[in-house]
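Student: Give me a 3D structure for the following:
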Amino acid sequence: MPLSPPPRDAHGEVIPHDHPDIGSTDGVIRRIPEHWIMTESDGRRRLSSLTFSPSSGSNRGMSVDLQAQIEEAGLSCREFINTTTPQCIGAIRFEVGALREFNFMVGFNPQPSNPHQGEVWGNFTGAMQRQILPRLASWFLEIEGVFIVSSRS
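Tutor: A predicted model of the protein is given here:
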């Protein structure tokens, strides 16, 4: 079922919201570019905290893809991610209910280039980015030899 339109401000920008049509068992997918991978002092490669940070957009949400919306459109999530973002080398997945347990809002923010885009809004503290969010994530498109969680956490 298509999502209802998101709330917008007077300038047409999406207002941070917790969309009622996005279910707690739905998945959101965060794309990973190469420069979000770092090497720790012990040689392990892991995702940097940029992976778990707000994007540069005006409403300070973390950009994600809405898995259920992609699948309901009859598309393969893996192909959609790979073909719409060639610089993406992997992706992680969060379950919406787990994010909401930490008071994050998950909303719909369709873009001309990505009608299935969502956003995660909330309190992206350092501890949240380094400790909590990495533990809530699982691989969707795994990057071989890269860990989600730091060996120091």
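Student: Go ahead and confirm Thr85 touches Arg31.
Tutor: Yes. The criterion here is Cβ atoms under 8 Å, and Thr85 meets it with Arg31 at 5.4 Å. Glycine gets a C-beta too; all of them are placed from N, C-alpha and C.
Student: Settle it for me: which of those two has more neighbours?
Tutor: Set Thr85 next to Arg31 and count neighbours by other Cβ atoms under 10 Å: Arg31 wins out with 21 against 16.
Student: Name all residues that make contact with Gln114.
Tutor: Small correction: residue 114 is Asn, not Gln. Asp65, Thr84 (Cβ atoms under 8 Å, 6 or more residues apart in numbering).
Student: any idea how far it is from Glu40?
Tutor: Note on Asn114: its distance to Glu40, by Cβ to Cβ, to the nearest Å, is 32 Å.
Student: In the helix or strand bottoming out on mean pLDDT in the chain, which residues are buried?
Tutor: Between all helices and strands in the chain, the lowest mean by mean pLDDT, DSSP states H and E belongs to helix 77-84, at a mean of 87. By 16 or more other Cβ atoms under 10 Å, the buried positions in helix 77-84 come out as Cys77, Phe80, Ile81, Thr84.
Student: now, which of the residues you listed sits nearest Asp21?
Tutor: Using Cβ to Cβ, Cys77 is the member of those that sits closest to Asp21, with 18.2 Å.
Student: residue ranges of the strands in this structure, please?
Tutor: Using DSSP state E, the strands found in the chain span residues 27-33, 37-39, 45-47, 62-66, 88-95, 105-108, 117-121, 138-141, 146-147.
Student: can I get the ones you listed in JSON lines with distance to Glu72?
Tutor: Shown next, in JSON lines, are those (distance: least, Cβ to Cβ, whole Å):
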{"stretch": "strand 27-33", "distance to Glu72": "13"}
{"stretch": "strand 37-39", "distance to Glu72": "31"}
{"stretch": "strand 45-47", "distance to Glu72": "28"}
{"stretch": "strand 62-66", "distance to Glu72": "9"}
{"stretch": "strand 88-95", "distance to Glu72": "17"}
{"stretch": "strand 105-108", "distance to Glu72": "13"}
{"stretch": "strand 117-121", "distance to Glu72": "13"}
{"stretch": "strand 138-141", "distance to Glu72": "17"}
{"stretch": "strand 146-147", "distance to Glu72": "30"}
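Student: Good, we can wrap up now.
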